[in-house]
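Enquirer: Give me a 3D structure for the following:
(one chain, ligands or ions: 1)
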Amino acid sequence: MKKMLKLVNCIKQVPGVSELPWDPRTGRLKRNLAAGMINPACRHALEAALELKNRHGAEITVITMGPDIAEEVLREALAMGADRAVLISDPKIAGSDTLVTSQVLARAIKKACPDFDLVLCGCHTSDSETAQVGPQMVEELRIPGVSHVDQLELKDRLLRLQRLSDNFVETIEMELPGLVTVTTQHYTPRYVPLAGLQDAFGETEITRLTLDDLELDESLTGAKGSPTRILKVFSPVTEKENTVLKGSARKIVQQLFNQFDDKIGGAIGKDIKNYQ
Ligand SMILES: Cc1cc2nc3c(=O)[nH]c(=O)nc-3n(C[C@H](O)[C@H](O)[C@H](O)COP(=O)(O)OP(=O)(O)OC[C@H]3O[C@@H](n4cnc5c(N)ncnc54)[C@H](O)[C@@H]3O)c2cc1C
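Expert: Next comes the predicted model:
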């Protein structure tokens, strides 16, 4: 008998506003000041999974690591059409950096869905935007992975992926099991049907995992176990300056190159320091 396709979507709850104040002491966002929502790219990745499910039949497990309130995004994902939900919540994990986040998520996937075929992540989040968690999970799970995928198609156990790289469209084949991070380009997330909401907020059980369930050492997680630190957070100040260049056209162009060679070189992708 053909094995049912097992998909895992990692979704993160992010603040539902574009700007939040920082805590100047810790360098972290004051996330409790805004209601949470599913990170936009995670929503697109979930739609990609739901389309695979429609076409091939699949079981979708959604996993999030966050505070208890992150259960909301799992319920919403269930209402959209996911089948199972896992919440990893433990105060000891708070403050984890991207490396620890990836390790915890990978451990939870192995525990909750050991026979997974494909893990889908968003390409980045709207609050921290490092885009590191997907690629780091590839290392943790020791599987192939492709980031920034626009579109995916499955044939037998082979995924055909399309991604934009600079101005080129790449088509890549990847064998399962694997991991992809999905962009917001191709998939349009579906609206949550009212009937789905009733089931998702009513009957469906959410599996809860703590550090103990994952057999992870407390000293290796949370802020203590995180090898990266936020040293400084500030909003960059944009300064404008008007410069009037005078003289012949040749002199003006020369002055322009002398003054802005780094910026012009950066824009055209060439070192023009010694360009005549
Ligand atoms: C020192 C330090 C302390 C931090 N403390 C906190 C904190 O207290 N609270 C906090 O929210 N963040 C904290 N962060 C950021 C935290 O590490 C990131 O939120 C988290 O690791 C994901 O990074 P990102 O948001 O840049 O994800 P990206 O790498 O941009 O996310 C890509 C994709 O990975 C998946 N993903 C990412 N995070 C999760 C998650 N939690 N659950 C499920 N899937 C996920 C999603 O599919 C997402 O679309 C901290 C970061 C550092 C460096």
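Enquirer: Provide the backbone phi and psi angles at the residue of the stretch 101-250 of the chain found nearest the ligand.
Expert: In the stretch 101-250 of the chain, the residue that lies nearest the ligand is Gly122 (2.5 Å; CB to the nearest ligand atom). For glycine as for every other residue, the C-beta is placed from the backbone atoms N, C-alpha and C. Dihedral angles of Gly122 (phi, psi; degrees, to the nearest 10) stand at phi -70, psi 160.
Enquirer: That one: how many residues sit nearby?
Expert: 27 (other CB atoms under 10 Å).
Enquirer: Residues of this structure that sit close to the ligand?
Expert: Where the chain comes near the ligand, counting by CB under 6 Å from any ligand atom, the residues are 10-12, 28, 39, 41-42, 63-66, 94-98, 101, 105, 121-122, 124-125, 127-134, 226, 228-230.
Enquirer: For the closest residue to Leu214 other than its chain neighbours, which three-state class applies?
Expert: Nearest residue to Leu214, sequence neighbours excluded (CB to CB, 6 or more residues apart in numbering): Arg107, at 4.6 Å. Secondary structure assignment for Arg107 (DSSP: H, G, I helix; E, B strand; the rest coil): helix.
Enquirer: What residues does Arg107 make contact with?
Expert: Each residue near Arg107 by CB atoms under 8 Å, 6 or more residues apart in numbering is listed here: Glu140, Leu214, Glu215, Leu216.
Enquirer: What does the pLDDT read for the last one?
Expert: Leu216 carries a pLDDT score of 91 in this model.
Enquirer: Give me the pLDDT for the closest residue to Asp90 other than its chain neighbours.
Expert: Nearest non-adjacent residue to Asp90, counting by CB to CB, 6+ apart: Thr210, 4.4 Å away. For Thr210, the model assigns a pLDDT of 96.
Enquirer: Now do the contacts for Thr210.
Expert: Per CB under 8 Å, 6+ apart, neighbours of Thr210: Ile88, Ser89, Asp90.
Enquirer: Near the last one, how many other residues are there?
Expert: Meaning Asp90. 20.
Enquirer: Give me the below-cutoff pLDDT ranges for this structure.
Expert: Scanning the chain for pLDDT under 70 picks out 1, 17-34, 274-276.
Enquirer: could you dump the helix or strand where Ala48 lies to CSV, C-alpha only?
Expert: For Ala48, the host element (DSSP states H and E) is helix 40-56. Output of helix 40-56 as CSV, limited to C-alpha atoms (Å, rounded to 0.1, in the frame of the first residue of the first chain):
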residue,chain,number,x,y,z
PRO,A,40,2.9,35.9,6.4
ALA,A,41,5.5,33.6,4.7
CYS,A,42,4.4,30.7,6.9
ARG,A,43,0.9,31.2,5.7
HIS,A,44,2.1,30.9,2.1
ALA,A,45,4.1,27.8,2.9
LEU,A,46,0.9,26.3,4.5
GLU,A,47,-1.0,27.0,1.3
ALA,A,48,1.7,25.2,-0.6
ALA,A,49,1.2,22.2,1.7
LEU,A,50,-2.6,22.3,1.4
GLU,A,51,-2.3,22.3,-2.4
LEU,A,52,0.0,19.2,-2.2
LYS,A,53,-2.6,17.6,0.0
ASN,A,54,-5.5,18.4,-2.4
ARG,A,55,-3.5,16.9,-5.3
HIS,A,56,-1.8,13.9,-3.7
